[in-house]
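Colleague: let's see this in three dimensions:
(one chain, ligands or ions: 1)
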Amino acid sequence: MTTMPTRRLGGVEVGAVGLGEMPMSLAGRPDEARAIRTIHAALDAGVTLIDTADAYCRDESDFGHGERLVAKALAAWSGDRDRVLVATKGGHTRPRGDWGLDGRPEYLRQACEASLRALGVEAIGLYQFHRPDPKVPFAESVGAMAELKAAGKVRLVGLSNVSVDQIRQARQLVEVASVQNEFSPRFRRSEGELAFCAAQRIAFLPWSPLGGIGRGGSLGGRHRAFAEVAEARGVSPQQVALAWELAKAPVVIPIPGASRPETIADSAAAAGLRLGADELARLDRV
Ligand SMILES: NC(=O)c1ccc[n+]([C@@H]2O[C@H](COP(=O)([O-])OP(=O)(O)OC[C@H]3O[C@@H](n4cnc5c(N)ncnc54)[C@H](OP(=O)(O)O)[C@@H]3O)[C@@H](O)[C@H]2O)c1
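Modeller: Take a look at the predicted model:
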């Protein structure tokens, strides 16, 4: 197992680049053997944060697929599992393969129990409220997360898809270890939340950091500066995108998705790539 530069998430030291498990669970996913090889490649490359969710599945009939896959891959890995932080989420449903929301406290409690079973653990390392549910007062959903932490079912609480106001509101109720919002070369509208997290030393996990499934391979077009910097450096455009995100603040821990060992091994190398001020300024302007 290689080591990679680390960052802190709620007091836990994790590799600066994590793994997003989603491409291995949605429709179009690889077979289980390849998915397990991909997770092992991430761990072997020094990744110690794996992000999944109960809703990473094809539909409700295989709800929890991602969590079961991560548990199976970890059980079959020969390295030090104690160093790996598994982050999952609750609050999304998958009726007939669609994406629904349920932020009711009773639902979150039940979802957490199911995630504990799927992961085969007594406490979830990082449990994230997946997305605010407009039908449920935000404070009620976060209150349920706080109770799960107080009950010892969850070690750290995170939020996902939230505004600065919501982060502030949640912090009145529970210690917020991380915020997971979309952020990538093509999607920069979370810069406000990123800056807030940096100022408050809350870990910020950019989701779809390469632009999303199916787009991760293409950082051309309007974003060709990433490819040009990459060519000059002799690395992939994806590494440049992740290194640019890492340079935004010491709290940033990107979680690139992968369904092949080669792609996560390449992305993991971004943890050691330092871009210069000129390169960063150029990428900021894109
Ligand atoms: N909180 C939320 O609401 C939310 C929403 C979306 C995603 N997420 C999380 O964020 C994670 C990442 O987002 P994502 O999976 O949607 O998209 P992404 O990380 O932007 O892109 C993933 C795709 O990029 C490709 N890729 C990764 N590294 C590469 C490399 N070095 N070179 C070339 N291609 C590369 C992968 O290809 P291969 O498949 O061929 O390996 C994969 O399909 C998810 O897995 C999930 O954990 C959270």
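
Colleague: make it CA atoms for all contacts and neighbour counts henceforth
Modeller: Will do.

Colleague: from the opening residue of stretch 35-53 to its closing one, how far?
Modeller: One end of stretch 35-53 sits 16 Å from the other (CA to CA, to the nearest Å).

Colleague: can you tell me if it touches the ligand.
Modeller: Yes. For stretch 35-53, a contact with the ligand is found by CA under 6 Å from any ligand atom, at 51, 52.

Colleague: would you mark the buried spots in stretch 168-178?
Modeller: 170, 173, 174, 176, 177, 178 (16 or more other CA atoms under 10 Å).

Colleague: for the ligand, what are the nearby residues on this protein?
Modeller: Looking at the ligand, the residues of the chain close enough under CA under 6 Å from any ligand atom are 20-23, 51-52, 130, 160, 180, 207-214, 216-217, 238, 255-260, 263-264, 266-267.

Colleague: buried ones among these?
Modeller: By neighbour count, with 16+ other CA under 10 Å, the residues of the chain next to the ligand hold 20-23, 51-52, 130, 160, 180, 207-212, 216, 238, 255-260, 263-264, 267 as buried.

Colleague: out of those, which are inside strands?
Modeller: 20, 51, 160, 180, 207 (DSSP state E).

Colleague: for the residues you listed, work out which two are farthest apart.
Modeller: For these, the maximum inter-member distance is 13.8 Å, found between 20 and 160 (CA to CA).

Colleague: buried stuff in the helix or strand harbouring residue 69?
Modeller: Under the criterion of DSSP states H and E, residue 69 resides in helix 65-75. For helix 65-75, burial by neighbour count (16+ other CA under 10 Å) applies to 65, 66, 67, 68, 69, 70, 71, 72, 73, 74.

Colleague: run through the residues that contact the second one.
Modeller: With contacts defined as CA atoms under 8 Å, 6 or more residues apart in numbering, residue 66 is in contact with 21, 22, 24, 25, 52, 53, 54, 55, 56, 57.

Colleague: and for the fourth one?
Modeller: Taking CA under 8 Å, 6+ apart as the contact definition, residue 68 lies against 118, 119.

Colleague: number the residues from 105 up from this point.
Modeller: Understood, numbering begins at 105; the last thing we discussed is residue 172.

Colleague: could you check how far it is from the ligand?
Modeller: Counting by CA to the nearest ligand atom, to the nearest Å, the separation of residue 172 from the ligand is 14 Å.
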